[in-house]
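# The amino acid sequence is not available; the structure is as follows:
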């Protein structure tokens, strides 16, 4: 069988299974998730042994320490996967929810019902825990899933898939509701993203290169974000203490996350009074400042920023800084340089806050809060399968709801159109 | 200037204008719409004269009567365009609406704000009224629009565009908020659908061939439906009178609309008692019946249906009929043969109604109502720019809300992440 035929067979099985997962009761889905968790705990030793084979191979292949770290599954990691499954079981089931019912003059009642998307393809790197996470979110939202993890994690993923199938079986759900791609041939990815008859949406989780390649090739919608070049704008009416706290948290709490602030804008009217203190805090935390000419005057330690700096997601101890005339320039700057992930304004001015919320064209826009809050758990989604910086369908953190769609429903009593 | 450069210049101008339309007040947008309506009424004679030139040319080119009919703009048509603009002005403004605000344990409030998509490209055939309709819906939803109508209507569209620009000017909005493509070169369409940096979504309105070609070429999302192969399923527990009324209305009220029923499914348990009466009504209305073997036994006038019939949107006085074992077979049949537009069940059985609503995978699913209700006005959307049979973003009738997106907003008071 060619890799294309193999992927088509997975697709066909997933499409068939998706009709059953869409109609599955909340109880059946939760029983499957809890049985998966139990199987994972019961198979702990096998999972760790399979993972060890992957890790040994990865070491032999000379993978770097960070990749090996993400690949490694220890007893704590296994327990955390099991707990993740249980947490998803505890989340409310979004499927079948009827909202917005309104009676129309014709007598019919029109509303919306939340339904699964169908078949979700997840493409990720060598992180075995994603296999369990993604399986759980797709199943709970009533979808079938095809999971394609990094080839370095194949044995781990197969071992986890065994537990996932055991859980599905225990609840009377089809095993093909969650399928792990068992070939390491890269052509499998190309096929997965170009079979709209079997796969409805692709969620790539990984580096920018992977996501760009998939978005370019895909013939189905892709839920993705490429960059998190997030901004904090300190307005002329900012509260000094809030500004300091928020910039500190947004930039320095974690350097490598996509919701970390990478750029700071300060209104000219308060640059003299506020920027030196903020800069001192950042420098004290070991953050390099790359600023505009005015910034460099106020902050002697700052380096000169290039145009490119303002487009850059550093994921490192660097921040770009620009002094702007005020709100209009801040909004224009953000809408030009941002990656549309998350931006925050610090202000006590009501109208400026409202204008920033409305006019900044990013998936999350905040007033007086740290950009670090842009996260599925912090937003109350319970879990997160990714963050979307696109405007269609899901935008921002994507949880169970983002893996569903809404159809129109009409409740009538024999009405016909006049 | 090449046609590609021309389209890029429209795109660039639209992108710039879209920042201003996104931030425009409801009042400014409504003033523009009312001024457009006034300009259209004032220019009635010029519009009709421009249209006459298009119609003369179309006649000389040998266009068929139906196309000439759709192209023709008389005094009544002009007044109806003006009223359409006023109706959109009267609709609630979706932009900026904040919903679902919830306080999180961290102290922040998280919610959603409805925002425009950005730039909408509309591609349509030789129907001048679409120029005014589409301009109105795009502007009211805060988007900029690039309109590309059929080449046969170019002079009419240019005359309407003059009125649209006058309206925008009168309200202080940029004229490039609505641009009509002034070249008839078909390469313009290819360029319009492949410049994601300037155009965020394409809405094609027209025949299946046009929509298929655009969907294939497009590099941005397309809001579309290809077919309306709609079903009515008469369940074993159907009310006889409701079944008769609904089938009559769904099939015979209008033959050529996308929400017209093209296929009838009848539960075997009631086929003997119900189908003859329904068939008699259909035959009496001049509808040809193409049925399965059992149908042909019960209805001697029926022709034998082929597999292809069950996939067909006739848009004509023909209906396909199949007798099914019951609800399960009906749902399976619909999910296989339907174009995912609109399906209705006729039943008094609560559980069957709920299962049909949930398990039928179409953009509109109805209980005891005619499929003809699948329509933006009937659903209370106020107006409709199209109907989507896709699962992403807008599904079913698409009104103002379908031309918007939602971003996350966070209202904080200095909160930072722990």
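Cool, got the structure. Being a predicted model, the structure only gives us computed values, none of them experimental.
# could you say what helices and strands the top strand by length along chain A packs with?
Assignment by DSSP state E gives strand A:404-415 as the longest strand of chain A. Under the contact definition 3 or more Cβ pairs under 8 Å, 6 or more residues apart in numbering or on different chains; DSSP states H and E, strand A:404-415 sits against strand A:98-103, strand A:109-116, helix B:240-252, strand B:364-369, strand B:396-398. Bear in mind the C-beta positions are built from the backbone N, C-alpha and C, glycine included.
# Can you lay out the ones you listed as JSON lines showing mean neighbour count and distance to residue A:7?
Listed next are the helices and strands packed on strand A:404-415 as JSON lines, based on neighbours: other Cβ atoms under 10 Å in any protein chain shown; distance: least, Cβ to Cβ, whole Å:
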{"stretch": "strand A:98-103", "mean neighbour count": "12", "distance to residue A:7": "36"}
{"stretch": "strand A:109-116", "mean neighbour count": "22", "distance to residue A:7": "21"}
{"stretch": "helix B:240-252", "mean neighbour count": "22", "distance to residue A:7": "40"}
{"stretch": "strand B:364-369", "mean neighbour count": "27", "distance to residue A:7": "31"}
{"stretch": "strand B:396-398", "mean neighbour count": "27", "distance to residue A:7": "31"}
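# Okay, buried residues for the longest strand of chain A please.
A:404, A:405, A:406, A:407, A:408, A:409, A:410, A:411, A:412, A:414, A:415 (16 or more other Cβ atoms under 10 Å in any protein chain shown).
# any residue of the helix ranked longest in chain A up close to chain B?
The single longest helix within chain A, with elements called by DSSP state H, is helix A:3-23. Yes: counting by Cβ under 8 Å from any Cβ of the partner chain, chain B has neighbours in helix A:3-23: A:19, A:22, A:23.
# Next, count neighbours for the residue nearest to the last one when sequence neighbours are not counted.
In space, and not counting its chain neighbours, residue A:23 is closest to residue B:359: 5.1 Å by Cβ to Cβ, 6 or more residues apart in numbering or on different chains. Other residues within reach of residue B:359, judged by other Cβ atoms under 10 Å in any protein chain shown, total 19.
# Who are the contact partners of residue B:359?
By Cβ atoms under 8 Å, 6 or more residues apart in numbering or on different chains, residue B:359 lies in contact with A:19, A:22, A:23, B:331, B:335.
# so what's the fourth one scoring on pLDDT?
Predicted confidence (pLDDT) for residue B:331: 97.
# now it, nearest residue through space, not along the chain?
residue B:359 is the one closest to residue B:331 (Cβ to Cβ, 6+ apart), at 5.0 Å.
# Contact residues of the stretch 201-350 of chain A facing chain B?
Of all the residues in the stretch 201-350 of chain A, those lying near chain B are A:201, A:221, A:239, A:241-242, A:245-246, A:248-250, A:253, A:335, A:344, going by Cβ under 8 Å from any Cβ.
# Need the worst-confidence member of those.
residue A:221 (89).
# From residue A:165, how far off is that one?
For residue A:221, the distance to residue A:165 equals 28 Å [Cβ to Cβ, to the nearest Å].
# repeat for residue A:417
Taking Cβ to Cβ, one finds residue A:417 at 48 Å from residue A:165.
# go on, residue A:40?
Residue A:40 is 12 Å from residue A:165, by Cβ to Cβ.
# Could you check which of the two has the larger neighbour count?
Set side by side, residue A:40 and residue A:165 show more neighbours around residue A:40, with 26 against 22, by other Cβ under 10 Å.
# tell me the contacts of that one?
A:47, A:78, A:81, A:82, A:85, A:132, A:160, A:163.
# what's the closest of those to chain B?
residue A:85 (22.9 Å; Cβ to the nearest Cβ).
# Surely residue A:391 is in a helix?
No: looking at residue A:391 with DSSP: H, G, I helix; E, B strand; the rest coil, it is coil, so not inside a helix.
# Need phi/psi at it.
phi -100, psi -10 (degrees, to the nearest 10).
# Now for it, how many residues are close by?
Neighbours of residue A:391 (other Cβ under 10 Å): 21.
# who's in contact with it?
By Cβ under 8 Å, 6+ apart, the neighbours of residue A:391 are B:117, B:118, B:200, B:405.
# let's see 6 Å
B:117, B:405 (Cβ atoms under 6 Å, 6 or more residues apart in numbering or on different chains).
# Could you do residue A:295 as well?
So residue A:295 contacts A:302, A:321, A:323 (Cβ under 6 Å, 6+ apart).
# Would you check that the last one makes contact with residue A:268?
It stands for residue A:323. Yes: if you go by Cβ atoms under 6 Å, residue A:323 and residue A:268 touch, sitting 5.4 Å apart.
# With that, I have no additional questions.
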